[in-house]
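>>> Next input, structure requested:
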Amino acid sequence: YHHELTRKSSVAQQFLNGFSGYLHCDGYSAYKSVDNAILVNCWAHVRRKFFEAKDSSSKNTPASQGVAYCDKLFQIEKEIKALTDDEKYQFRIEKSQPILDEFWQWIESFITLPGSKLGKAVNYALNLKEGLMTFMKDGRCALSNNLAERSIRPTTIGRKNWLFSASERGATANGIAYSIVETAKANGLV
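As a prediction, this is how the structure comes out:
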């Protein structure tokens, strides 16, 4: 956890300086500027965009089809949860790749109004296509960054408390403490 007064890309660059490898993240553009990071973008965010574009009165709309594609991918991830990373990789090639091929062909087949909710969902997915496909390269990669986002929830809930920190160093100390606690939880130490 790291706290700054701004969300500039220089913050991500500085914090992740020296990092090399897969970086699970949402579509925030600052992550594109991190050297040696291979972005693994989040399919839950794609699903959420299509879900928000759905018309509740009809089940056969492009938005509901977008949600259905995402749901198929998440169902596969449930099925392979207990497999080794190598087995996950192989299973994804066999089961997820055909769904992804169909999804990308489908999403490029229709025109949307750019400012519409559906247009925003389509553009979001198309703009992040490379990072959305990264999970297929390695069985260790996740389809979404929901686990990370759930682990930062205490931080976001505590954010209002930090408005009254005596200093920036105090907010940084809170971030360090949260990092230690959440890392211990993630590793079954707490």
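
>>> Between the two ends of stretch 18-31, how far is it?
End-to-end distance of stretch 18-31 (CA to CA, to the nearest Å): 14 Å.

>>> Need the phi and psi values for the residue most central in space within the chain.
Note on the chain: the residue nearest the mean C-alpha position is Cys42, at 2.6 Å, using CA atoms, centre = their mean. For Cys42, the backbone dihedrals (degrees, to the nearest 10) come out as phi -100, psi 120.

>>> Please verify my assumption that it contacts Ser144.
Yes - Cys42 is in contact with Ser144 according to CB atoms under 8 Å; the separation is 4.7 Å. All C-beta atoms are positioned from the backbone trio N, CA, C, and that covers glycine.

>>> Sketch out the strands for this structure, chain order is fine.
Remark: strands assigned in the chain by DSSP state E are 21-25, 37-41.

>>> so how far is the last one from its chain's centroid?
Here the centre of mass of C-alpha atoms in strand 37-41, compared against the chain's by CA atoms, centre = their mean, to the nearest Å, lies 9 Å away.

>>> Also the first one?
Here strand 21-25 shows a centroid-to-chain-centroid distance of 9 Å under the convention CA atoms, centre = their mean.

>>> Which strands border it, and is each parallel or antiparallel?
Each strand paired with strand 21-25, and its direction, by DSSP bridges: strand 37-41 (parallel).

>>> Now do the buried residues in the partner strand.
37, 39-41 (16 or more other CB atoms under 10 Å).

>>> quick one: the helices in the chain?
Under the criterion DSSP state H, helices of the chain are mapped to 9-15, 43-53, 62-79, 85-91, 97-107, 117-127, 129-133, 146-162, 168-186.

>>> out of those helices, deepest packed?
helix 43-53 (a mean of 21; mean count of other CB atoms under 10 Å).

>>> Mind giving me the packing neighbours of that one?
When contacts are defined as 3 or more CB pairs under 8 Å, 6 or more residues apart in numbering; DSSP states H and E, helix 43-53 packs onto helix 62-79, helix 117-127.

>>> nearest to Lys185, of the strands of the chain?
Set against Lys185 and scored by CB to CB, these come closest in strand 21-25, at 17.3 Å.
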